[in-house]
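Peer 1: No sequence on hand, only this structure:
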């Protein structure tokens, strides 16, 4: 009888992308097993098309759990029916270990954190010094679980996949934005660059570079490079996008206003020449599609999310108070305000092919204000 394996996925987009080397390694380690991923419903478009899973099991959390029938007990019941032999827990949460225990999965492998050690059959100890966790790249942290189970894999490159529905959704978004559905890389073929800005962050406001800085950077990309600039954001980040638009004199493409989704975003990112991002999920999506990315770091420690992507450039300034890992800055946000648009622009052009001799904005008119 084939082995049935459940891999519990992280909750954040960036962490889910950084899990892909481990997912690849586990499929190679267990080629004949039936492998299922347990993930939050909003992450499903991210993993759609991935070839290393036989099944994606989704669940919801929050106030709608009871109505949706996806509460903790209901989820455990669903998993118990599946009769999994092994659960591999990528996130550190207590709840993920508890639901697997309630599902009667006898072998549960994970890191001994958040007081859940007694629920695990196989406990890995995270690195600590003087009682504090040592900053460890998440991609290596997850791979440690695969190595414990017997994998010898050393490839830590991120990888995502697009499906035909993703391509159609992206084409529809670009069409609504007034762009050609065939808009694609590379800029080196004589086309002006396609640059995506990602100004939000799930972690908290301290992680976000200033909207007026993003606006100045976008204006310069359009005016000097003839770039088509796209702005990507989650619905809750609508205010950040609006602030950028108010501060711009040129006209970018507001993907959120044109109905972009996570599945469409994968394909749109794949088509881009460059991404400018805070330290957040879409940065990892860019790396997964080998798209150059400039990442702006403020309060977060770069070591946690290090991905060793050769086409990434990090921009940061040293301050006495950082990296503090705080969600809200208690001081003056100097780690972000001291990173200027000029610093990011100069870093970005190093990753772009030489622009056309006479760049012109791609059919987008300038405006006095928005």
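Peer 2: Good, I have the coordinates. Here the structure is a predicted model, which means the values were calculated and not measured. Numbering: from 1, shown residues only.
Peer 1: what sits against residue 253?
Peer 2: With Cβ atoms under 8 Å, 6 or more residues apart in numbering as the criterion, the residues that contact residue 253 are 177, 179, 228, 229, 230, 231. The C-beta positions use only the backbone N, C-alpha and C, and glycine is treated the same way.
Peer 1: Report the central residue of this protein.
Peer 2: Centrality entry for the chain: nearest residue to the mean C-alpha point is residue 281, 2.1 Å, by Cα atoms, centre = their mean.
Peer 1: How far off centre is stretch 273-281?
Peer 2: Averaged C-alpha coordinates place stretch 273-281 at 9 Å from its chain's average position (Cα atoms, centre = their mean, to the nearest Å).
Peer 1: which residues does residue 230 contact?
Peer 2: 194, 195, 196, 197, 252, 253, 255, 268, 272.
Peer 1: Can you tell me which of the contacts of residue 253 end up in strands?
Peer 2: When strands are assigned by DSSP state E, the members of the contacts of residue 253 inside them are 228, 229, 230, 231.
Peer 1: so which one among the contacts of residue 253 has the lowest pLDDT?
Peer 2: Across those, the smallest pLDDT goes to residue 179, namely 89.
Peer 1: Could you give the number of residues near that one?
Peer 2: Residues within reach of residue 179, counting by other Cβ atoms under 10 Å, total 20.
Peer 1: wait, isn't it in contact with residue 228?
Peer 2: Yes: under the contact definition of Cβ atoms under 8 Å, residue 179 touches residue 228, with a separation of 7.0 Å.
Peer 1: mind listing the strands for the stretch 151-300 of the chain?
Peer 2: Shown for the stretch 151-300 of the chain, the strands assigned by DSSP state E, counting those that start in this stretch span residues 194-198, 228-231, 253-254, 274-278, 293-296.
Peer 1: Same list, those strands, but as JSON lines with distance to residue 246 please.
Peer 2: As requested, these are exported to JSON lines (distance: least, Cβ to Cβ, whole Å):
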{"stretch": "strand 194-198", "distance to residue 246": "15"}
{"stretch": "strand 228-231", "distance to residue 246": "13"}
{"stretch": "strand 253-254", "distance to residue 246": "12"}
{"stretch": "strand 274-278", "distance to residue 246": "19"}
{"stretch": "strand 293-296", "distance to residue 246": "20"}
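Peer 1: Looking at those strands, which is nearest to residue 97?
Peer 2: With Cβ to Cβ as the measure, strand 274-278 is the member of the strands of the stretch 151-300 of the chain nearest residue 97 (30.8 Å).
Peer 1: Work out the sheet partners of the closest one and label each with its direction, please.
Peer 2: Each strand that strand 274-278 pairs with, and the sense of that pairing, follows from DSSP bridges: strand 194-198 (parallel), strand 293-296 (parallel).
Peer 1: Okay, now the unreliable bits of the stretch 101-250 of the chain?
Peer 2: Residues of the stretch 101-250 of the chain meeting the criterion pLDDT under 70: 181-190, 203-204.
Peer 1: Give me the residues contacting the longest helix belonging to the chain.
Peer 2: Taking residue count as the measure and DSSP state H as the definition, the longest helix of the chain comes out as helix 211-225. Identification of contacts with helix 211-225 by Cβ under 8 Å, 6+ apart yields 192-193, 195, 197, 199, 227-229, 231, 240, 243-252, 276, 339-341, 344-345, 348-349, 352, 355, 359, 361, 364.
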